[in-house]
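Participant: structural data only, the sequence is not supplied:
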């Protein structure tokens, strides 16, 4: 009897689809792993002897620093807006997500622009009071500066996920805590925080992977990490094998992060068994505290979004007439389309894989599904190569067998198909994690009840599961949307002829050291990021 | 169910075949992989299309990524032309067998031999000099002499330049390796590093601004960045650029280090003739003047007139080691930078 049950569970169409998706998404990763068996390139010993230690040091400090700062910024603000009533609370709920729209490297350029010799602050002080500074107002082009820049662009991940977790925590538990004599703070530390832990860790894990992937900020600030090392070995030294070796070490970091995330989650189910309940009512603190809470949220918002945004607007006002034309609108249209299609596909794939997982009691299914999300941790440039190798192989095969011609060109590589495929590999984790959290939250009982009533798995998914996790689905799409809009290295390498996106345009101009001009495209990336963010917030609020 | 999948798959394949045939016909094109992301380039390509009816398709990315792409695509590559902003990368593409030799009388006439590969694998289109930008307030130009003299003790804490990640610094060191050998180059790099006003970071423009702000007194930067700054939309940027003057180093010996931005025709170029036409067009005096004016680079074609700014800076003696050397010595240069700890 037991054996029959198992075999029923192990194979169904969901595991079938999942394996297919997994195979596709894992292709670039496998390609890179195979490349690992080539011997390391000539520069390996040089890098191992002179640079590797520094890469380790900087990467680890950067990770720890950003983890600590995003935790501080994200969790504190999430707790405030979901538990207290204070002036501006309703606005901070979405204002604090806006920094997510800022690509890290644009934030870096913008902050340097604000603080440097020709920046508004120094110009004002110089021209009005004749106060001169030697160099930058505050030197942020170093490791602490990189931690700051990356944290203020990445903390919304923690804020967003933690806040929905706080909002969905059941009232009963917190009330029980009050009844037992605990105050707000103690309830926060003993009840709310542990319950939100999977969400917080998921948020920090996302932020950490973004850190490992960042190239623009650390390069500009002269902080050498594994990612700059990969580019250095590959591009400065022309040694792709050594680069892939470094990428493999980087993957170890990722495995550690993922492993830590999964052991802390353990086998515990954090979901309330009964599904959704009314969230805790917000309390009205004293006037003094209200001002304090508003002040905290306001200063974080000013630093992480408003001030750099003003600087961008300032640059735009100086340059827009040179940059904004017919082509510029085409850029917006294309970037938007690419981002939306990728977001949708990723969420559909995530639902399929997670649903297979939901129907299967086996742990290994969970583990192999995780593989699908690894792409998030691999530098875009490495993924690009991992995709180009099999795609070009396929193209050559098609031409060889179907047309028996060698020179006609390429089918898949150099098309939008390859680009969207690359986005799916790269950003699967971004859409997958919220969907996973959603499924976890609603518990399995609703699904089991439906199945017990004789309803087939597909119908149960449509009628029961998906409506319940609608918020998570939309969060997934939106997070991917914003990420694709900002994505750079993959897009640079894989896009078809004559194909520019907002990010590549902004980057082109920034690399030519025309930062002010690049702000036009940057502004649109940020603005288009804002629209879905507001929408997302409305959706969470409805609960 | 299965039939439906089969049908749609067949339909998709037919669609793709039709699409690829349709697009492959008649229209004359040239496909360009370029590392130059300048607005001026697009205008030049438009001018070329207008003059010849040949459409220019562009993929822009860093030269290294494009070289990687060419390698992977092999004989199927759609690319006809590779454009880089550094001779070292052209050399790399050449040694990897990605380019083909072109013998064009027009190109050979337009471009002096020192700016092109002897066998015609690649051609320089513009050149830029890596010069010293110094503070007019704190530096007497008579103190300045050469790249080497910046390692002397009186420059302690006064020199600025960007990180060694950057190809312009790598090529500068590659040229110093050619003149002083690896050991001499290492001594120079270590000496310069110990004279730096701050850790190497930021862009060339950031170095110029640091001189204007007084963080350091002399910066090693490329000429055209100063041109761009002098014409910036932001008045403060222009004011900062006006606080510095430029000095061409090593005029008494080998000459100032220069590098080219150049192009080669790819080995498997499907539109080779069009590719050659494009290069011939880009090397013409007319196109060269346009480039020099908009982007403040030096035209390689001796018949092209310098822009007003370049005229103002005057003629200078350029280091005439062959540009291939920059490519040959590149990896040694990177190793030396890492060894001395120049980030």
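Facilitator: Arrived safely, thanks for sending. Computed from a prediction, not measured in an experiment: that's the story for all the values here. Numbering: from 1, shown residues only, chains lettered A, B, ... in the order given.

Participant: give me the low-pLDDT residue ranges for the stretch 101-250 of chain B?
Facilitator: Along the stretch 101-250 of chain B, no part satisfies pLDDT under 70.

Participant: so which bits of it are right by chain A?
Facilitator: B:163, B:165, B:167, B:170, B:198-206, B:209-210, B:212-215, B:225, B:228, B:232-234, B:236-237, B:239-240 (CB under 8 Å from any CB of the partner chain). In short, each C-beta sits where N, CA and C put it, glycine included.

Participant: what pLDDT does residue A:174 get?
Facilitator: Predicted confidence (pLDDT) for residue A:174: 73.

Participant: name the element residue A:181 belongs to?
Facilitator: Using DSSP states H and E, residue A:181 sits within no helix or strand.

Participant: can I assume residue A:79 is in contact with residue A:166?
Facilitator: Yes: counting by CB atoms under 8 Å, residue A:166 is a contact partner of residue A:79 at 6.5 Å.

Participant: chain B: strands as residue ranges?
Facilitator: Counting by DSSP state E, the segments of chain B that form strands are B:29-34, B:55-60, B:81-84, B:99-100, B:123-135, B:159-160, B:218-222, B:244-247, B:258-266, B:298-299.

Participant: adding distance to residue A:331 and mean neighbour count, write these out as a markdown table.
Facilitator: Formatted as a markdown table, those follow (distance: least, CB to CB, whole Å; neighbours: other CB atoms under 10 Å in any protein chain shown):
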| stretch | distance to residue A:331 | mean neighbour count |
| --- | --- | --- |
| strand B:29-34 | 18 | 25 |
| strand B:55-60 | 14 | 21 |
| strand B:81-84 | 22 | 27 |
| strand B:99-100 | 32 | 21 |
| strand B:123-135 | 27 | 24 |
| strand B:159-160 | 35 | 25 |
| strand B:218-222 | 28 | 25 |
| strand B:244-247 | 35 | 20 |
| strand B:258-266 | 25 | 26 |
| strand B:298-299 | 31 | 24 |
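
Participant: is whichever helix in chain A runs longest positioned near chain B?
Facilitator: Counting by DSSP state H, the longest helix found in chain A is helix A:326-359. No: using CB under 8 Å from any CB, helix A:326-359 stays clear of chain B, with a minimum separation of 9.2 Å.

Participant: if we can go back for a sec, higher neighbour count, residue A:79 and residue A:166?
Facilitator: A side-by-side neighbour count of residue A:79 and residue A:166, using other CB atoms under 10 Å in any protein chain shown, places residue A:166 first with 24 against 20.

Participant: element containing that one, please.
Facilitator: helix A:143-168.

Participant: quick one: mean pLDDT over that helix.
Facilitator: Helix A:143-168 comes out at a mean pLDDT of 90.

Participant: return the set of buried residues in it.
Facilitator: Across helix A:143-168, burial judged by 16 or more other CB atoms under 10 Å in any protein chain shown covers A:143, A:145-168.

Participant: what's the local residue count around residue 62?
Facilitator: All of this is about chain A. Neighbours around residue A:62, by other CB under 10 Å: 25.

Participant: ah, I was thinking of chain B
Facilitator: 21.

Participant: just checking, it touches residue A:492?
Facilitator: Yes: the criterion here is CB under 8 Å, and residue B:62 meets it with residue A:492 at 7.4 Å.

Participant: for residue 222, what are its contacts?
Facilitator: Because you didn't say which chain, this covers chain A. When contacts are counted by CB atoms under 8 Å, 6 or more residues apart in numbering or on different chains, residue A:222 is found next to A:141, A:142, B:163, B:165, B:199, B:200, B:201, B:202, B:343.

Participant: should've been chain B
Facilitator: B:128, B:129, B:130, B:131, B:168, B:204.

Participant: got a list of what the last one touches?
Facilitator: Residues near residue B:204 by CB under 8 Å, 6+ apart: A:513, B:162, B:168, B:219, B:221, B:222, B:225.

Participant: so the fourth one is in contact with residue B:212, correct?
Facilitator: No: between residue B:219 and residue B:212 there is no contact under CB under 8 Å: 9.7 Å.

Participant: name the residues contacting each of those two.
Facilitator: Listed as contacting both residue B:219 and residue B:212 by CB under 8 Å, 6+ apart are residue B:244.

Participant: quick one on the thing from earlier: which of the contacts of residue B:222 sit farthest apart?
Facilitator: B:129 and B:204 (12.4 Å; CB to CB).

Participant: which SSE is whichever residue of the stretch 301-450 of chain A sits closest to chain B in?
Facilitator: Closest contact between the stretch 301-450 of chain A and chain B, by CB to the nearest CB, is at residue A:318 (4.2 Å). Element membership of residue A:318 [criterion: DSSP H and E] is helix A:307-323.

Participant: what angle sits between that helix and helix A:143-168?
Facilitator: 110 degrees (axes from the mean of the first three to the mean of the last three CA atoms, to 10 degrees).

Participant: buried residues of helix A:307-323, list them for me.
Facilitator: Quick answer for helix A:307-323 (16+ other CB under 10 Å): A:308, A:309, A:311, A:312, A:314, A:315, A:316, A:318, A:319, A:320, A:323.

Participant: surely the last one and residue A:517 touch.
Facilitator: Yes: assessed by CB under 8 Å, residue A:323 is found in contact with residue A:517 at 5.6 Å.

Participant: quickly note the distance from residue A:195 to chain B.
Facilitator: Shown here: residue A:195 relative to chain B, a distance of 43 Å by CB to the nearest CB, to the nearest Å.

Participant: and that residue, helix, strand or coil?
Facilitator: Assigned with DSSP: H, G, I helix; E, B strand; the rest coil, residue A:195 falls in the helix class.

Participant: residue A:219 belongs to a helix?
Facilitator: Yes: when classified by three-state DSSP, residue A:219 is found to be part of a helix.

Participant: that one reaches residue A:225, doesn't it?
Facilitator: No: counting by CB under 8 Å, residue A:225 is not a contact partner of residue A:219; they are 9.2 Å apart.

Participant: between those two, which is the more surrounded one?
Facilitator: residue A:225 (27 against 21).

Participant: quick one, what contacts the more buried one?
Facilitator: The contact partners of residue A:225, by CB under 8 Å, 6+ apart, come to A:55, A:58, A:59, A:62, A:212, A:214, A:218.

Participant: export these as JSON lines, with columns for secondary structure.
Facilitator: JSON lines is the format used below for the contacts of residue A:225 (three-state DSSP):
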{"residue": "A:55", "secondary structure": "helix"}
{"residue": "A:58", "secondary structure": "helix"}
{"residue": "A:59", "secondary structure": "helix"}
{"residue": "A:62", "secondary structure": "helix"}
{"residue": "A:212", "secondary structure": "helix"}
{"residue": "A:214", "secondary structure": "coil"}
{"residue": "A:218", "secondary structure": "helix"}
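
Participant: need the max-distance pair from the residues you listed.
Facilitator: Once CB to CB is applied, those give A:55 and A:214 as the farthest pair, at 13.7 Å.

Participant: okay, these two: which has more neighbours?
Facilitator: Neighbours per residue, other CB under 10 Å: of residue A:55 and residue A:214, the larger number sits with residue A:214, 26 against 21.

Participant: surely the more buried one meets residue A:223?
Facilitator: No: using CB under 8 Å, residue A:214 makes no contact with residue A:223, being 9.7 Å away.
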